[in-house]
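S.K.: what follows is a protein structure lacking sequence information:
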């Protein structure tokens, strides 16, 4: 089985298990292929947890779940040194972060001190405890979830944390047809046990990443990505309304995220080069959580994703 065939199989199986969320599934695969992390926002019950658990069953991997709560400690995430009496020495006890696929459930329910425990892990793929550095697995993906409605007892993610997520995905409610399909799916799962599907090896996932890295990005495509990011920093030069709506633009991580995600999107669609359509397809997921809206935009009910969609209409590819 080739790497592309393996990921087609994963995408098909995930779409069977998570009905009506094809875009969410594709964003998860892009994050995996591009070696990035994913922030998923949606109301309870829209299959956010089910998504990452399904992915973990389709790849040979360990799954770690961290339930973020106000009383969580950083050591509950990273692990800590444990004193061993027989040897009269301290031994590092790994926390749940030392898994391949991490579900950071309701990440905004923990205070900043706990959220910051993820910063080093997400950026440098390592954890430092008591002055010692411990490397994380080569296959490492954090998928964080948060509820956009409930604000009581929550702590908004700081900019440094948001910027470390390659992609942002809003998970909508399913439509009526998909809701009925979900009913039938869950009913069948309680009465029959579907045959297990052999998970793909991590080596295949790494081979797929190598192929994604080999996808060609022309100079014109690079210019288009840079123009999009620069437009978020100087929006008034592009459009008067955008100048009123965007208070702060995307960092250079936004450009890097666009490049990696566009190559992964092109690879998933059997292309060996990045086109403007690939860039436009991933731009809302790469940039919407990296911009800051003005009070005016919020008063007008503009969402970050809607503002990026508007920006895409005014920045033209060469």
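M.R.: It's in. Predicted model only: the values in this text are computed from it and were never measured. Residues are numbered from 1 along each chain as shown.
S.K.: find the nearest non-adjacent residue to residue 199, please.
M.R.: residue 60 (4.9 Å; C-beta to C-beta, 6 or more residues apart in numbering). For the C-beta atoms, the positions are set from N, CA and C on the backbone; glycine is no exception.
S.K.: got the phi/psi numbers for residue 246?
M.R.: Main-chain torsions, residue 246, degrees, to the nearest 10: phi -100, psi 120.
S.K.: on that earlier part again, tally of neighbours for the residue nearest to residue 199?
M.R.: By other C-beta atoms under 10 Å, the residues close to residue 60 number 16.
S.K.: please renumber so the chain begins at 25
M.R.: OK, 25 is where the count begins now, so the last one is residue 84.
S.K.: contacts only, for it.
M.R.: Each residue near residue 84 by C-beta atoms under 8 Å, 6 or more residues apart in numbering is listed here: 223, 224, 225, 226.
S.K.: which residues in the chain form strands?
M.R.: Assigned by DSSP state E, the chain shows strands spanning 62-66, 87-91, 103-108, 113-118, 125-129, 150-153, 156-159, 165-170, 191-195, 270-272, 316-317.
S.K.: ok, residue 132 touching residue 178?
M.R.: Yes: using C-beta atoms under 8 Å, residue 132 makes contact with residue 178 at a distance of 4.6 Å.
S.K.: which of the two has more residues huddled nearby?
M.R.: Taking neighbours as other C-beta under 10 Å, residue 132 and residue 178 compare with residue 132 leading, 23 against 18.
S.K.: now do the same contact list for the more buried one.
M.R.: Per C-beta under 8 Å, 6+ apart, neighbours of residue 132: 92, 170, 171, 178, 179, 180, 181.
S.K.: let me know the closest of these to residue 115.
M.R.: Residue 115 has its nearest neighbour among the contacts of residue 132 in residue 92, at 26.2 Å by C-beta to C-beta.
S.K.: can you give me the neighbour number for that closest one?
M.R.: Per other C-beta under 10 Å, the neighbour tally for residue 92 reads 23.
S.K.: touching stretch 334-342 from outside, list them.
M.R.: Counting by C-beta under 8 Å, 6+ apart, 244-245, 247-248, 251-252, 255-256, 259, 262-263, 265-266, 269, 300, 303-304, 307-308 sit against stretch 334-342.
S.K.: sorry, back to before: reformat the contacts of residue 84 as a markdown table; add pLDDT, neighbour count and distance to residue 207.
M.R.: Formatted as a markdown table, the contacts of residue 84 follow (pLDDT from 0 to 100; neighbours: other C-beta atoms under 10 Å; distance: C-beta to C-beta, whole Å):
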| residue | pLDDT | neighbour count | distance to residue 207 |
| --- | --- | --- | --- |
| 223 | 88 | 16 | 27 |
| 224 | 89 | 20 | 30 |
| 225 | 91 | 14 | 35 |
| 226 | 92 | 15 | 35 |
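S.K.: between those, which is closest to residue 213?
M.R.: residue 223 (18.6 Å).
S.K.: the closest one contacts residue 83, doesn't it?
M.R.: Yes: the criterion here is C-beta under 8 Å, and residue 223 meets it with residue 83 at 5.4 Å.
S.K.: and residue 70, how far from residue 94?
M.R.: 24 Å (C-beta to C-beta, to the nearest Å).
S.K.: between the two, which one's more packed in?
M.R.: Between residue 70 and residue 94, counting by other C-beta under 10 Å, residue 70 is the more crowded of the two (21 against 11).
S.K.: now do the contacts for that one.
M.R.: Taking C-beta under 8 Å, 6+ apart, we find residue 70 in contact with 45, 195, 196, 197, 198.
S.K.: again, 6 Å this time
M.R.: Taking C-beta atoms under 6 Å, 6 or more residues apart in numbering, we find residue 70 in contact with residue 195.
S.K.: likewise for residue 277?
M.R.: The contact partners of residue 277, by C-beta under 6 Å, 6+ apart, come to residue 187.
S.K.: thanks again, I'm all set now.
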